[in-house]
Structure formats: structure tokens, C-alpha cells
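K.L.:
sequence and predicted structure below; questions after.
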Amino acid sequence: MVVDWDRIALDVKAGVEFLRKQPGIRYVVLLGHSGGGPTLSFYQAVAEAGLSFCQDPKKLVPCRDDLAGLPKADAIVLADAHPGVPVILLRSLNGSVMDETPGKFDAKLDPYATENGYNPSGSSHYPKDFQTRYYQAQSLRMNALIDKALAERRKIQEGKGPYPDDEAFFIPHGGNPGAGPGGASQLHSMDTAIALRQTRAPQKLIKNDASIVKEIVTSVSPPELDAKQTTNSFGKGTKQLTLTSFLTTQAVRSTNSLDGIDHCSSNNSTICAVEKITVPTLVAGMTGYLFIRDSEEIYEHSVAKDRDLIYIEGANHGFAPCKLCGPENAYANSQKNLFDYIAAWTTERLPAKP
């Protein structure tokens, strides 16, 4: 997959400019779902903070000058937005892979070994010490991949590469775009007790009957049981990228994949972007999926004076009722509850202009 990350902001710019020219359009509200979270939050952060944000020297790949002067939106909604494509890859990397060799694993770090806590037929139970070592191993692997890619890129810039512009970059046992949650060695997709599946503090949760409670919010998503099969395959388990695609879209520095991520080392980061966004910001998490702690962390990093965090009971990643998460019709109102809340939130903050 060939992606040059900061170019996407120009597409968003065209959309915002078009909307601003339409009769009757009073406000523009960005709604970023899933990967739209880092895309639209990056756009808004650059629009508000300018090139200094995306050209920070700590960025693995700074943005280009033609992103200057992006028109701002009036508010942003991040609906089950993930923290950034690089974080998804980091947490999806099989941390036991040795020497980037397909099928070569360190048994002590193998997440699919029963002695390490793996359960092929239900929720796995990884001991805390294994989790700590595994999160660190994922970071070591990602950092090594980044160093390799940067070295190959320097060769190309010096005229010593196999091609004058780019080069293929494969990552075995790393999950494949479009393959869905399967094909990824994320511990919290297999172990339902992992910390990423719940909030650290009590947060607002819209129940199926539209009532709102405040509690520790926990994912009701069942464990994924196909990860071992898919991550070991080529089609669903291998990232097929270029150096540019990897460095601009998939790479982030870290010391561990749980809470030691240097989010601002990448431009593809919702968590970094919201640190520059001041317009009203709504973060909505779906409890029928996996971005529970991530949604809370996005909210925590937001600097908007007007910010809100809400979770939708039983909604899957696409906002529909999660049919595998509970009894039939237990979460039948998930879509309505989400969009009713968004409608009320935006109407309150962006009243009709005279």
C-alpha cells in the first residue's frame, strides 16, 4: 500500500473549502471515525497551529509547506477514533518475531503459546510479567523497523538505493490493512482483562435506554479467536508497504506499546493532534469494540476548553449493535443513541446564526 500521509490533508482542505462556499452552510463540523480520527484531527491541528505543529523536528517525517493556511473547522467529533495508525501497528506487531524472519519466534514471548497464557477457545489470560515483556518487545521491534527504514531512505536520497524514489517494505506477522481486527497480535483483543479495554476513571456511558450513567467503562467485545491463524498468513498477517508508507503512516517511537508511546513522533496521531485543537471537541467511544482506554486518552490530551467524552453501550466499531456482545437486542439503540447525542451536542454549541 502506497500512502504519503500529509497529502491526505489536501483532500480534506478541498472538502472544507467546498462546504464553506455552499449557501446555507453556517458551520463545518469534522466527524472522524476510526482512521478518520487521526486524519481529521491532524488537519484541524495544522489549521489551528500552523506548520510548526507538523514540521516539529521530532517528527519522523515532517509535513510539507503546502499545508500552510488550511481553513479551520468549527468543531470536531471523534467517533471511535483510534489513537493513530502507527499505534495500531505497534500493538499489532507480533513481539516474538526474531530477525524479521517469517515463522521464527522467541518462545518466551510467543502470544500464541498456552504456557504464556494463550487460550485458543476463549479469553486468554496473560500474566502481568508477560504483558510487560511483550509490550517492550513490540516497541523494540517497531524501533528497529524505523531505524531500518530510515537507513534505506537515506540510501535512496544518496542515490545508492535500488530505486530513485521508494522501495518495498514488508512486515511479517504485523497485520494487514483491510483485514479487520484479525491478523493482529494485540493482547487486548485476545485477553478481555487487559487494561486497554477499560477506562481509568468513571466516565459517561449512554445505556441502551438512552439514560446516562457514570462508571468505569469496560468493553463488552468478546475475545478474537482467529488472530493466530490470520497473523501467521501472508495475506492477512503481512504489512505490504513502501518506505514512504511506513514512515509517514505506520511508524511511531516508543519504549513500550501500552503507555510508553511517543505519540508526537508521528503526524499520524489523534492523541498528539488534539493537544493543538481548541474548537469544541467531542470524543465518543463504542463499548462493543476495543478503543476504550484510547478514547479516554484522546479526551485527556485534548486542550479544548469545551470538550466532552461519551461512551455508547454495546455499539460496535461501525456504531451498530454488537450482536456478539450480549443478549439479542440488548444494544439495539446504539446508532440512535450516538447520533442523537452528537446532534444535541452540536446544536448546543453551534446555534443557528441570525
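P.N.:
Looks like it arrived, so ask away.

K.L.:
in this structure Gly37 contacts Cys272, no?
P.N.:
No - at 11.7 Å, Gly37 does not count as touching Cys272 under the criterion of CB atoms under 8 Å. C-beta coordinates here come from the backbone N, C-alpha and C atoms, glycine included.

K.L.:
helix/strand/coil for Ile76?
P.N.:
With DSSP: H, G, I helix; E, B strand; the rest coil as the basis, Ile76 sits in strand.

K.L.:
that one reaches Thr278, doesn't it?
P.N.:
No - applying CB under 8 Å, one finds Ile76 not in contact with Thr278, separated by 10.3 Å.

K.L.:
who has more neighbours out of the two?
P.N.:
Taking other CB atoms under 10 Å, Ile76 and Thr278 do not tie; Ile76 has more neighbours (27 against 17).

K.L.:
hey, where'd the strands end up in the chain?
P.N.:
29-33, 75-79, 168-171, 203-206, 212-215, 239-242, 281-286, 307-312 (DSSP state E).

K.L.:
okay, now the sheet partners of the fifth one, with direction.
P.N.:
So the one you mean is strand 212-215. Here strand 212-215 is paired, per DSSP bridges, with strand 203-206 (antiparallel).

K.L.:
any idea how far Glu296 is from Val217?
P.N.:
Separation of Val217 from Glu296 (CB to CB, to the nearest Å): 8 Å.

K.L.:
same deal with Pro327?
P.N.:
Taken as CB to CB, the span from Pro327 to Glu296 is 27 Å.

K.L.:
ok, now Leu350?
P.N.:
Separation of Leu350 from Glu296 (CB to CB): 25 Å.

K.L.:
these two: who's more crowded?
P.N.:
Glu296 (20 against 16).

K.L.:
so what's Ile33 up against?
P.N.:
That one is not Ile; residue 33 is His. For His33, the contact set (CB atoms under 8 Å, 6 or more residues apart in numbering) comprises Ala79, Asp80, Ala81.

K.L.:
next one: Gly122
P.N.:
Pro223, Leu225.

K.L.:
and stretch 121-137, how far out from the chain middle?
P.N.:
Remark: stretch 121-137 is offset 21 Å from the chain centroid, using CA atoms, centre = their mean, to the nearest Å.
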